[in-house]
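S.K.: Next one to model:
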Amino acid sequence: MSAPDRHVRHLALPGFGPEAQAALGRARVLVVGVGGIGAPAATWLAAAGTGTLVLNDFDRVDLTNLQRQPLYKEGDLGQPKAAAAARALAALDSGLRYEVVDRRLEGEALADEVAAATVVLDCSDNFGTRFAVNAACVAARVPLVSAAAVGWDGLIAAFDARDAASPCYACAFAEDDETLGDCASAGVFGPLTGVIGTLAAAEAAKLVIGKLLVGEGATLTGRLLRYDARAARFAESRLPRDPRCPVCRDR
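M.R.: I've put the predicted structure just below:
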């Protein structure tokens, strides 16, 4: 099936033209963590025609993952998660490029991957990784979408280091302030991760398209969106830039 046929519903979308689809086709998106949030985010980005998806995860597929990560199947159990994700996504669209990074990204390797990306999605499960990814994005001036989900609660925000007014992740969160906890101890409502992962993909796509999105359009840059799945409520708050932030104050 040709690319125009595949993405014809995008081309029919008001405000979304051939140039926007072409921009997605040229984009390179780094997905850090292909788990509960990263798996659905990567699925939607592949379906949208994102040219290159760099899939970073050093875990293996576990039976407990299948409750919230339907990208994986029982036959993937025990397999490296990033490689299994690449196989599943290639079955969705074999015309895209999938790069597997099945090790922890840190230091120079992280800096290089971030600098090569059009947009970064941080779907990791710990603050250490989140702060390292944020610092790399600030240094390379690469937009970042950060998303998390634990229990019944999810949150997502965007940070665009290309914009002088945008905060960074470190403006909004302190390294010792683990807001949500972890899934192993707190549990997680499976469909919640799909909601947040889908939103993350949408934000990443809009950051790629940028000004090619005709008419009124906005991203979550400078805003934090929370979703309470138990109450079925969204709440939004502003994230101002901290002029004293040790990560981005000199930007």
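S.K.: Quick one: mean pLDDT for stretch 175-192?
M.R.: For stretch 175-192, mean pLDDT is 73.
S.K.: With stretch 139-155 instead?
M.R.: pLDDT averaged over stretch 139-155 gives 97.
S.K.: Might you report the residue contacts of the spatially closest residue to Arg230 that is not a sequence neighbour?
M.R.: Nearest residue to Arg230, sequence neighbours excluded (Cβ to Cβ, 6 or more residues apart in numbering): Trp152, at 4.1 Å. To be clear about C-beta, it is placed using only N, CA and C from the backbone, and glycine gets the same treatment. Trp152 is in contact with Phe189, Leu192, Asp228, Ala229, Arg230, counting by Cβ atoms under 8 Å, 6 or more residues apart in numbering.
S.K.: ok, 10 Å please
M.R.: Ala186, Gly187, Val188, Phe189, Leu192, Tyr227, Asp228, Ala229, Arg230, Ala231 (Cβ atoms under 10 Å, 6 or more residues apart in numbering).
S.K.: In PyMOL, how would I select the buried members of those residues?
M.R.: Of the contacts of Trp152, the buried ones can be selected in PyMOL as follows, counting by 16 or more other Cβ atoms under 10 Å:
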select buried, resi 188+189+192+227+229
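S.K.: Closest to Val34 out of the contacts of Trp152?
M.R.: Val188 (15.8 Å; Cβ to Cβ).
S.K.: now stretch 120-130, how far from the chain's geometric center?
M.R.: Relative to its parent chain, stretch 120-130 has a centroid offset of 9 Å by Cα atoms, centre = their mean, to the nearest Å.
S.K.: Pull out the buried residues from that stretch.
M.R.: Buried, per 16+ other Cβ under 10 Å, within stretch 120-130: Val120, Leu121, Asp122, Cys123, Ser124, Asp125, Phe127, Thr129, Arg130.
S.K.: wait, is Gly49 part of a helix?
M.R.: No - assignment of Gly49 by DSSP: H, G, I helix; E, B strand; the rest coil gives coil, placing it outside any helix.
S.K.: hang on, it packs against Gln21?
M.R.: Yes - contact criterion Cβ atoms under 10 Å: Gly49 and Gln21 qualify, at 6.3 Å.
S.K.: how much space between the nearest residue to Arg233 once chain neighbours are set aside and Gly210?
M.R.: Spatially, and ignoring its direct neighbours in sequence, Arg233 is nearest to Tyr227 (7.5 Å; Cβ to Cβ, 6+ apart). Distance from Tyr227 to Gly210, counting by Cβ to Cβ, to the nearest Å: 25 Å.
S.K.: Gly190 is in contact with Arg68, correct?
M.R.: Yes - at 3.9 Å, Arg68 and Gly190 qualify as touching, with contact defined as Cβ under 10 Å.
S.K.: ok, the two, which is more surrounded?
M.R.: Ranked by neighbour count (other Cβ atoms under 10 Å), Arg68 and Gly190 place Arg68 first, with 21 against 15.
S.K.: which residues of the stretch 51-200 of the chain fall in helices?
M.R.: Residue ranges of the helices in the stretch 51-200 of the chain, as given by DSSP state H, counting those that start in this stretch, are 81-92, 107-116, 127-140, 169-172, 183-186, 190-209.
S.K.: With distance to Gly15 as new columns, can those be given to me in CSV?
M.R.: Conversion of those to CSV gives the following (distance: least, Cβ to Cβ, whole Å):
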stretch, distance to Gly15
helix 81-92, 25
helix 107-116, 29
helix 127-140, 27
helix 169-172, 29
helix 183-186, 36
helix 190-209, 9
